[in-house]
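J.: Just need the structure, nothing else, for what follows:
(2 chains)
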Amino acid sequence: MLKEYYTVREIIGPLMLVENVQGVKYEELVEIELPNGEVRNGKVLEVNQDKALIQLFQGATGLNVRSTKIRFLGKGVEIPLSPDILGRIFNGQGKPIDKGPAILPEVKRDINGSPINPFARDYPEEFIQTGFATIDGLNTLVRGQKLPIFSGSGLPHNQMAAQIARQAKVLSASEKFAVVFAAMGITFGEANYFIEDFKRTGALERTVLFINLADDPAIERIATPRMALTTAEYLAYDLNMHVLVIMTDMTNYCEALREVSAARKEIPGRRGYPGYLYTDLSSIYERAGRIKGRKGSITQIPILTMPEDDKTHPIPDLTGYITEGQIVLSRTLHRKGIYPPVDVLQSLSRLKDKGIGTGKTREDHSDIFNQLFAAYARGLEARELEVILGEAALSEMDRLYYKFADEFEEKYIRQSEYEDRTIEFTLNLGWELLSMLPRMELKRIRPEFLDKYLPKFVKK
Amino acid sequence: MSAGKIIKVTGPLVIAENMDEAKMYDVVEVGGQKLIGEIVEVRGDRASIQVYEETAGLGVGDPVTSTGEPLSVELGPGLIESIYDGIQRPLDKIREKCGDYITRGIRVNSLDPDRLWKFKPEKKQGDEVQEGDILGSVDETVLVKHKIMVPGGISGRLKEIKAGEMTINDIVAIIADKEGKEHPLTMKQRWPVRKPRNYKNKISPTIPLITGQRVIDAFFPVAKGGTACVPGPFGSGKTVIQHQLAKWADAEIIVYVGCGERGNEMTDVLMEFPHLKDPRSGEPLMKRTVLIANTSNMPVAAREASVYTGVTIGEYFRDMGYSVAIMADSTSRWAEAMREMSGRLEEMPGEEGYPAYLGRRIAEFYERAGRVICMGRDNREGALSIIGAVSPPGGDLSDPVVQSTLRVVKVFWSLEDKLAYKRHFPAINWLTSYTLYGNTFDDYYKQEIGDQWKNMIQFSMKILQQEAELEEIVRLVGLDALSPENRMVMETARSIREDFLHQNAFHPVDTFTSFQKQFRIMDLIIFFHEQSEKALKSSVSIVSISRMPVREKISQSKFIPESEMKKIENIKNEILKGFEELEKERVHA
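T.: Predicted coordinates:
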C-alpha cells in the first residue's frame, strides 16, 4: 500500500509543494486525488529535505490544500505500448480519445528515454520521398534526420505537415513505414483537420496521434512530445518500422516550459525562456536517428511558428542549432498564392549530400540541385535589380534569369495539396526548367550529365 | 570516509549534508547507483554537487561518498583513436557493456588495462631523472610515438627500467629519490582536469598552423600554440570548419571535443576519419585523433567537464614535445552548462543569466594554449593550439560568450549567414575577421615562399576592400557608371572571392590546399590583374578582358592536384598569350 499524504502546502500555477514527505525521488510520478475522487498526475521537480515540489500535468483547477491526497508512485512517467497503438488517437497524456478500447500493454516505457550513445549511432543516409519538389529535390530528407519547418502564423504549415504524413515513403517499398503525430496546443479546427484528413486518405492506419488542444492544460504539453517519441522508439526499434515523427507546434511547447520555469522563479534566459531551453529541446530532437544493427529509424519534422517571423527568436534559433537544417516558409511566396511557400534560399538540409546520388535518387541530383539553386539566386538578384533600376537596365542574360525565377516559382515550388511528385518527376522538372538557359550557363552540371539528359528536355 | 546524505535534488544539482570532510572539486559518488559528481560549493557541512549523470530517481537520504580526489583523467598509451564522453569514459566500451543507450552508474576503464604495449626504454639503470624526462616510448599508432614521461613530483636515480610488452598497469621503472624512497612507475598517470599541466616556460609562437584552408592560411592564420575562435549563427558552417581543421591542420595530435552538439555529427567524424588519409603521411587521420563526444542530450554537467578533459589530454601530448590542436565545438554549450549550474546554485547572475565568472573561466581555458618549453632536461618544445567555436543566439556578436572570448583569443574568423545563403563556403567574412599574429610569421613566410607573399596578401586585401566600397556605388548607379579600372578591381575581387576564398570541403582535391599551391593560385590571380591593368592602359576594352577564356583556367586551378602543381605555373603563359591576342585584335580593329 502506498503512503498517502494530505500535506499539500502551496499551489502556485502549475506547481504544488507537499510537506512532511519521506523517500521521495527526483522525477518520480505522482498521483493526485481530488476531493471529488478525480485522479490527476504530476512529477517531482525538486526534493528538498522533507518537501517535494510537484509539477502538475493537468492544471490546478479544483485542487485545494486541505483535502487533496498525494501518492508517490516510485517510478517515472510511463506509457503503455503494444502494436495495437497504430491507428489510434490519444490526448496529450496518452489516454485514448477515439472511443476505442484501452491499450493492453506489451511493454511500459519511461517517456524520458535515455541518450543514444554517439558510438551506437548509424549515419543517416537513406532518402525519404515526401512528394514535395522543394524538399526532395532541394532539401532532401533522409532517415534519421531531424528537419524542422520554420513557419509563421497564418502560413500553411499544417497542410504541409498533413501532406508529408500522407505521402512520405521510402523507395524500397518492402519496408514498414509509420507516422507518429504529436500536436501541442493547436486548435480543435486544426486537430480535426489532421484527424479527418488521415481518416479520409487511409493514412490513419499507419499513424499514431497525440493531440493536446489549445484549451487543454498547457502543462500537459511538456509530456506530449516525449510520449510521441517513446512510441516512435517502440515502433522503430522493437517493431522495425521507419517512423516519421511530426510535432506541431514546438512554440507552444516552449511556452509551457517557460510557464513552469517562471512559476519556479528561475533566473530567465533570453525573452524569459529558461536557460536550459537548449538542453531541454535537445532531449527531444536528439531522439531522432538510426542505431547500428537495428532496422528501424526515427525521422523528425518539428514544426514551429516563429514569433513575428523572426528567425533569431530563441525558439527557432536554438532549434536550428540542434536540428540538421531547416525548411523556412516565406510570407512573400504565400502572398503570391504559391503553395508550398518554401523559401528555397534560406532552407537547408545538412544531411542531403549523404542521401542523394547514384543508388539513392539519381546520379545527376547533386548537380541539378546546385544549378537550380544558383540560377534561382541569380534570378532573384535580377528581380531585385529590376525593382530599383527598371527592366531596361537588365542585360539580356539577367532577363532570362528573371524569367527563370518566375517559372521556377510557378512550376517547381508550386504544387497542389494532393500532388505527390516522384523523385524522377522532380529531377526531370529541374532539367525542364534549366533547359530555358543556354548550355554554357549550366556550369555546375558535369558535361557528361548535360550530354545525357539535356537533349531530352530542350524544346525544339 | 563517512557518508553524507542527500537533502535536496534539483536537476543535475544535488545538495548533501554531513560532508564536512569534503574538499572543493572532489569527486563524489552519489546515491545507490554511485553516480559520479563533483563538489562545486561547500557551506558548513553542506556540499553542493554537480552530478555528471541523469539524476532521476535520487531522493533525500540517499548516501554520498567522497573519493577525496579531484576530477582527473587517465593519461597513457591507448588515448589515440579513442572516443570518450565528457568525463573520459570510452563510449565504445559503454556500448559493449550496456547497449545502445547511455545508462547510469556505469564504470569503465578509460584506458584498456589488458592491452599490451611494447615499451622501448630510452634511459638506463642508474640515470638521474626528473619530472618530464622521457623514460622510453611506445609506438601507439603508426603516426604517434607515445612518450612515457616521469610524472610530476618525482625525481631521483633510476633503480630499474624494463623493456618489452607490458600493460599500462605493469611497472616499467622504479625511481629511488634522495631519501632512498622507491617510486614504482607505470605507463599511466593521472592528472586533475581543472589544473593546467606543468611546463618550464612559455615562448612566443612564430610558426603558423597550416590548415589547408585558403582563407585561413593566407588571410587569417593562427599560430601553432595560438588561439582562435569561430563565432557564427547556425547554418553558417562552424562545424564544417572545425571538421576541416581537425582533418587537415598540420598538428601532430588532434583532440576534437564535441561539446553539447549533434549526435549525428560525431557519428560523421567517427565514420569518416578512419577512411580519410593525412595528406602528409598518407595514414588514416584517426591515427592521430582523440575524440570527446558529449552530445547535447547527454548530461549537462559532463558537458561542462568535457572541454577540460579535452584540454588536459592535449597538454599531455604537448608535454611529449608534440604540436597539438584542440577543436572545441561549441564553447557556447559549455558556457550554457555553466549558466545552468550557476542558476541552480542560486548565484547572482551577470549578463544574460551567465555567471559573473564566465569571462574568467573562458580566459583560463584559452590561456592553457601556448608554445612551451616542456618539463624535462632535454628542453623540448611543444605547442597547444585551441580553436573554439561559439554559437551566439541569433548570430548576435554582442553575446557575452563571444565578447569574453574575443577578449582573449588572437584570431577571429567571423562567419556570416549571408555568405552561407549565397553558398560561399567557408562563410568567413574577409572584412570583419582578423588575426593578431600579423608580423610573427614573417620569417616563416620568407623561408617558405619569399618576401612577396606578404605584399600579395596586402594587395588582395586592398582589392577586396575597394570592392566593398565600389559595390555601394554600383547599387546606386549601376555597373556601367564605373571606370574601366574600377570595373577591373570588381572583376579581380570576384576572382579572389570565387577562385581563392571559396573552397569546397566536399571536393576531393579542393578540400585541402598546401601553402605552396595557395601561393601559386594567388600569384595567378594577381598576375592576371596586373596584365589587365596594362592592357586597359593601351585601351583594350574591359568587356573583352572579362570574356577571356583563360579566366576559366584560373578558376579551375584550385582543382589541380598537388602533384601536378606545375600546371598552375603554366597557366601564366596562357594568360600572356591571351593578352597578346587581345592586343592583336585591338590593333587589327
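J.: Can you tell me the strand partners of the helix or strand that contains B:Ile386 and which way each runs?
T.: Using DSSP states H and E, B:Ile386 falls within strand B:381-390. Paired neighbours of strand B:381-390 in the sheet (DSSP bridges): strand B:227-231 (parallel), strand B:323-329 (parallel), strand B:370-373 (antiparallel).
J.: model confidence over the first one, on average?
T.: Per-residue pLDDT values over strand B:227-231 give a mean of 95.
J.: Which SSE is immediately downstream of that strand?
T.: In the C-terminal direction, the helix or strand that comes right after strand B:227-231 (DSSP H and E) is helix B:238-248.
J.: Do that next one and chain A come into contact?
T.: No - Helix B:238-248 lies out of reach of chain A by C-beta under 8 Å from any C-beta of the partner chain, never closer than 8.8 Å. In short, each C-beta sits where N, CA and C put it, glycine included.
J.: what about the residue nearest in space to the middle of chain A, which SS state?
T.: Residue closest to the mean C-alpha point of chain A, counted by C-alpha atoms, centre = their mean, is A:Pro302 at 1.5 Å. With DSSP: H, G, I helix; E, B strand; the rest coil as the basis, A:Pro302 sits in strand.
J.: Chain B versus that one, what's the distance?
T.: Counting by C-beta to the nearest C-beta, to the nearest Å, the gap between A:Pro302 and chain B amounts to 14 Å.
J.: near chain A, which residues of the stretch 401-550 of chain B show up?
T.: Within reach of chain A by C-beta under 8 Å from any C-beta, the stretch 401-550 of chain B has these residues: B:421-423, B:475, B:478, B:506.
J.: Apply the buried test to those residues and list what passes.
T.: The neighbour-count test (16 or more other C-beta atoms under 10 Å in any protein chain shown) marks B:421-422 as buried among those.
J.: Out of the residues of the stretch 401-550 of chain B next to chain A, show me where the pLDDT dips lowest.
T.: B:Gly478 (74).
J.: Quick check: it touching A:Leu389?
T.: Yes - B:Gly478 is in contact with A:Leu389 according to C-beta atoms under 8 Å; the separation is 6.2 Å.
J.: Name the next helix or strand following the helix or strand encompassing A:Ile79 along the chain.
T.: Using DSSP H and E, the element containing A:Ile79 is strand A:78-81. Moving toward the C-terminus from strand A:78-81, the next helix or strand (DSSP H and E) is strand A:89-91.
J.: what's the longest helix in the chain?
T.: Reading this off chain A. Looking across chain A with DSSP state H, the single longest helix is helix A:365-389.
J.: wrong chain, I was asking about chain B
T.: helix B:452-477.
J.: Let's have the residues of the stretch 401-550 of chain B next to chain A in a markdown table, adding distance to A:Pro115.
T.: What follows is those, written out as a markdown table (distance: C-beta to C-beta, whole Å):
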| residue | distance to A:Pro115 |
| --- | --- |
| B:Tyr421 | 32 |
| B:Lys422 | 36 |
| B:Arg423 | 33 |
| B:Arg475 | 49 |
| B:Gly478 | 56 |
| B:Phe506 | 29 |
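J.: wait, what's in contact with B:Arg288?
T.: Listed by C-beta atoms under 8 Å, 6 or more residues apart in numbering or on different chains, the contact partners of B:Arg288 are B:80, B:141, B:143-144, B:251-254, B:278.
J.: for A:Leu86, same thing?
T.: Shown in contact with A:Leu86 (C-beta under 8 Å, 6+ apart): A:178, A:205-208, A:235.
J.: which of those tops the neighbour count?
T.: Most neighbours among these, by other C-beta atoms under 10 Å in any protein chain shown: A:Leu235, with 27 neighbours.
J.: A helix includes that residue, no?
T.: Yes - looking at A:Leu235 with three-state DSSP, it is inside a helix.
J.: And it, how close does it get to A:Gln129?
T.: Taking C-beta to C-beta, to the nearest Å as the measure, A:Leu235 falls 20 Å from A:Gln129.
J.: try A:Ala214
T.: 33 Å.
J.: The two: which has the busier surroundings?
T.: When A:Ala214 and A:Gln129 are compared for neighbours, A:Gln129 comes out ahead with 20 against 16, by other C-beta under 10 Å.
J.: And that one, its phi and psi?
T.: Main-chain dihedrals, A:Gln129, degrees, to the nearest 10: phi -90, psi 120.
J.: so who does the one residue in the stretch 351-500 of chain B that gets nearest to chain A touch?
T.: Residue of the stretch 351-500 of chain B nearest chain A, by C-beta to the nearest C-beta: B:Gly394 (2.8 Å). Each residue near B:Gly394 by C-beta under 8 Å, 6+ apart is listed here: A:311-313, A:317, B:233.
J.: By neighbour count, sort out the buried ones in these.
T.: The neighbour-count test (16+ other C-beta under 10 Å) marks A:311, A:313, A:317, B:233 as buried among the contacts of B:Gly394.
J.: Skipping adjacent residues, who's closest to B:Pro233 in space?
T.: Leaving aside its chain neighbours, B:Pro233 sits nearest to B:Gly395 (2.9 Å; criterion: C-beta to C-beta, 6 or more residues apart in numbering or on different chains).
J.: Can you dump the C-alpha atoms of stretch A:21-32 in PDB for me?
T.: Taking C-alpha atoms only, stretch A:21-32 is exported to PDB below (Å, rounded to 0.1, in the frame of the first residue of the first chain):
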ATOM      1  CA  VAL A  21       7.200  13.500   2.800                       C
ATOM      2  CA  GLN A  22       9.600  10.700   3.000                       C
ATOM      3  CA  GLY A  23      11.600   8.700   0.500                       C
ATOM      4  CA  VAL A  24      10.500  10.800  -2.400                       C
ATOM      5  CA  LYS A  25      12.700  10.500  -5.600                       C
ATOM      6  CA  TYR A  26      13.500  13.200  -8.100                       C
ATOM      7  CA  GLU A  27      11.400  12.900 -11.400                       C
ATOM      8  CA  GLU A  28       9.100  10.400  -9.700                       C
ATOM      9  CA  LEU A  29       5.500  10.100 -10.900                       C
ATOM     10  CA  VAL A  30       2.800  11.500  -8.600                       C
ATOM     11  CA  GLU A  31      -0.900  10.700  -8.300                       C
ATOM     12  CA  ILE A  32      -3.100  13.500  -7.000                       C
END
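J.: can you list the residues of the stretch 251-400 of chain B near chain A?
T.: The stretch 251-400 of chain B has residues B:258, B:260, B:262-264, B:266-268, B:270-271, B:293, B:295-298, B:300, B:333, B:336, B:339-340, B:343, B:349, B:352-353, B:391, B:393-396 near chain A, with proximity defined as C-beta under 8 Å from any C-beta.
J.: Of those, grab the buried ones for ChimeraX.
T.: Buried members of those, defined by 16+ other C-beta under 10 Å, are picked up in ChimeraX with:
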select /B:258,260,262,263,264,266,267,268,270,293,295,296,297,298,300,333,336,339,340,343,349,352,353,391,393,394,395
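J.: and the residues of the stretch 251-400 of chain B next to chain A, which of them are in helices?
T.: B:263-264, B:266-268, B:270-271, B:300, B:333, B:336, B:339-340, B:343.
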